[in-house]
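**Q** Turn this into a structure:
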Amino acid sequence: MWPMRFVQRAKRYWELGNPLRKRIAYIGWQGHENLGDEMLYEAHKRLFPDYHVLPFVSLSKKRRDLHRRIARRDVFQAGCLGGGTLINRAKGYEYKLARLLAECSPVFCLGTGVANPEFWEGRDGWGADLRAWIGLLKQCRFVGVRGPMSADLLKQAGLQDVEVVGDSALVLARDSYKTNGETKTLGINIGTSRGNVWGSEEDMLQKMAQISIKALADGWHILYLCVWPIDYDITVRLAELTGITDPKIHMITNDTEQALDLCERCTVFIGMKLHAVVCAICAGVPSIMIEYRPKCRDFMASLDMEEFNVRSDSLNPAELMDMIQLIRSKRTSIQEKMQERVLHYKQLLVRRAKSISDMIKDEH
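**A** Numbering: from 1, shown residues only. This is a model prediction of the structure:
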């Protein structure tokens, strides 16, 4: 039997070489068992149903020319800087975007986030150059970002032609919501981020345990959503600190519909990982965001839900329990407002994707 890596490589070359396929090159972090990045990749596939959205592979000019002679079209008809906080985050993505711009046209981004220097400056692993990013983004035909904070960062750096289109995963939101989840069911998500959080991960864990204990004492059932295998151990620790001997920990890393089904069971959701909360909101569940990085606030600000955004270094268990009770008592009105904003961005993303598709057809 052929080793799996050879099978995967053969499949990749067939996908790239098939002359009958129209392709969009995608830059993202999919393929790492992280639900958020898989949701974003799936969202782009849904937004561009006439194209095969494939991870970007940089090819030599010789190979591109050979493909053009055989297929009478470019390998990629367009390029996309995908979802996630990719802009101003790391040199690797900057280099990939530069290669993408050199190898295909048009290039666009739809719902991408911008890393905030307020948080990242001075931290290990951050080596971005926003000026260089601006130079590359000015070559893109459309720049749509996740939220108002991302847009402001780019505008302040000199890119004025930028639009807030929402997180691209919002296109996966369900068209109708359940009015109520299961009785007093609290969905919880926690994770680890190699220490790159506001405050400390240990303090956040202890505070989340205190919130969970208060919820249990008040008659709530707790359901855990884990969206990345690396987050499983800290989720188990949270359950242990809470005193739950048989916790319901649901590990979902690549099945959006399963995650939406799970979130629908919740009355209220409180989460740390951005797309765990995005998933809950896509399922119509009023949610509290634990802002471990500024990207979380950027998303909640896009939905006018900053009142339910709490920084991870400012967690107050009593106040958060009050917030959970407030959401439960006003769930319907909060859900209606949330649905209005989600629908706005879902429709906007579809319209912008249609315009981009028309632009691609005009050029190819």
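**Q** now the strands for the chain?
**A** In the chain, the strands defined using DSSP state E lie at 23-27, 52-55, 78-81, 84-87, 107-114, 142-145, 163-164, 185-189, 221-226, 249-251, 268-271, 287-291, 309-311.
**Q** For the ones you listed, give me JSON lines that also has mean neighbour count.
**A** In short, each C-beta sits where N, CA and C put it, glycine included. JSON lines is the format used below for these (neighbours: other Cβ atoms under 10 Å):
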{"stretch": "strand 23-27", "mean neighbour count": "24"}
{"stretch": "strand 52-55", "mean neighbour count": "18"}
{"stretch": "strand 78-81", "mean neighbour count": "28"}
{"stretch": "strand 84-87", "mean neighbour count": "25"}
{"stretch": "strand 107-114", "mean neighbour count": "27"}
{"stretch": "strand 142-145", "mean neighbour count": "23"}
{"stretch": "strand 163-164", "mean neighbour count": "16"}
{"stretch": "strand 185-189", "mean neighbour count": "25"}
{"stretch": "strand 221-226", "mean neighbour count": "22"}
{"stretch": "strand 249-251", "mean neighbour count": "17"}
{"stretch": "strand 268-271", "mean neighbour count": "27"}
{"stretch": "strand 287-291", "mean neighbour count": "27"}
{"stretch": "strand 309-311", "mean neighbour count": "20"}
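**Q** mind giving me JSON lines with these and columns for mean pLDDT and distance to Gln335?
**A** Below are the strands of the chain laid out as JSON lines (pLDDT from 0 to 100; distance: least, Cβ to Cβ, whole Å):
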{"stretch": "strand 23-27", "mean pLDDT": "96", "distance to Gln335": "32"}
{"stretch": "strand 52-55", "mean pLDDT": "94", "distance to Gln335": "31"}
{"stretch": "strand 78-81", "mean pLDDT": "98", "distance to Gln335": "32"}
{"stretch": "strand 84-87", "mean pLDDT": "96", "distance to Gln335": "27"}
{"stretch": "strand 107-114", "mean pLDDT": "98", "distance to Gln335": "23"}
{"stretch": "strand 142-145", "mean pLDDT": "98", "distance to Gln335": "26"}
{"stretch": "strand 163-164", "mean pLDDT": "98", "distance to Gln335": "22"}
{"stretch": "strand 185-189", "mean pLDDT": "97", "distance to Gln335": "14"}
{"stretch": "strand 221-226", "mean pLDDT": "97", "distance to Gln335": "18"}
{"stretch": "strand 249-251", "mean pLDDT": "98", "distance to Gln335": "22"}
{"stretch": "strand 268-271", "mean pLDDT": "98", "distance to Gln335": "11"}
{"stretch": "strand 287-291", "mean pLDDT": "98", "distance to Gln335": "10"}
{"stretch": "strand 309-311", "mean pLDDT": "98", "distance to Gln335": "17"}
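**Q** between these, which one is nearest to Ala43?
**A** strand 107-114 (7.6 Å; Cβ to Cβ).
**Q** which stretches of this structure aren't confidently modelled?
**A** Residue ranges of the chain with pLDDT under 70: 1-20, 59-74, 181-182.
**Q** what about the longest helix in it?
**A** If you go by DSSP state H, the chain has its longest helix at helix 331-363.
**Q** Any buried residues in that helix, and which?
**A** Neighbour counts over helix 331-363 (16 or more other Cβ atoms under 10 Å) mark 331, 334-335, 338-339, 341-342, 345-346, 348-349, 352-353, 356-357, 360 as buried.
**Q** Equivalent analysis for stretch 320-331, please.
**A** Under 16+ other Cβ under 10 Å, the buried positions of stretch 320-331 are Leu320, Met321, Met323, Ile324, Ile327, Arg328, Arg331.
**Q** Send me that stretch as PDB with only the CA atoms.
**A** Extracted C-alpha coordinates of stretch 320-331, given in PDB (Å, rounded to 0.1, in the frame of the first residue of the first chain):
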ATOM      1  CA  LEU A 320     -20.200  37.200  35.300                       C
ATOM      2  CA  MET A 321     -22.800  35.100  37.000                       C
ATOM      3  CA  ASP A 322     -25.100  38.100  37.100                       C
ATOM      4  CA  MET A 323     -24.500  38.500  33.400                       C
ATOM      5  CA  ILE A 324     -25.400  34.900  32.700                       C
ATOM      6  CA  GLN A 325     -28.700  35.400  34.700                       C
ATOM      7  CA  LEU A 326     -29.400  38.700  32.800                       C
ATOM      8  CA  ILE A 327     -29.000  37.000  29.400                       C
ATOM      9  CA  ARG A 328     -31.300  34.200  30.500                       C
ATOM     10  CA  SER A 329     -34.000  36.600  31.600                       C
ATOM     11  CA  LYS A 330     -33.700  38.700  28.400                       C
ATOM     12  CA  ARG A 331     -32.800  35.900  26.100                       C
END
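**Q** measure Ser58 to Gly187 for me?
**A** 40 Å (Cβ to Cβ, to the nearest Å).
**Q** Over to Leu343?
**A** 22 Å.
**Q** cool, Glu201 as well?
**A** Taking Cβ to Cβ, one finds Glu201 at 20 Å from Gly187.
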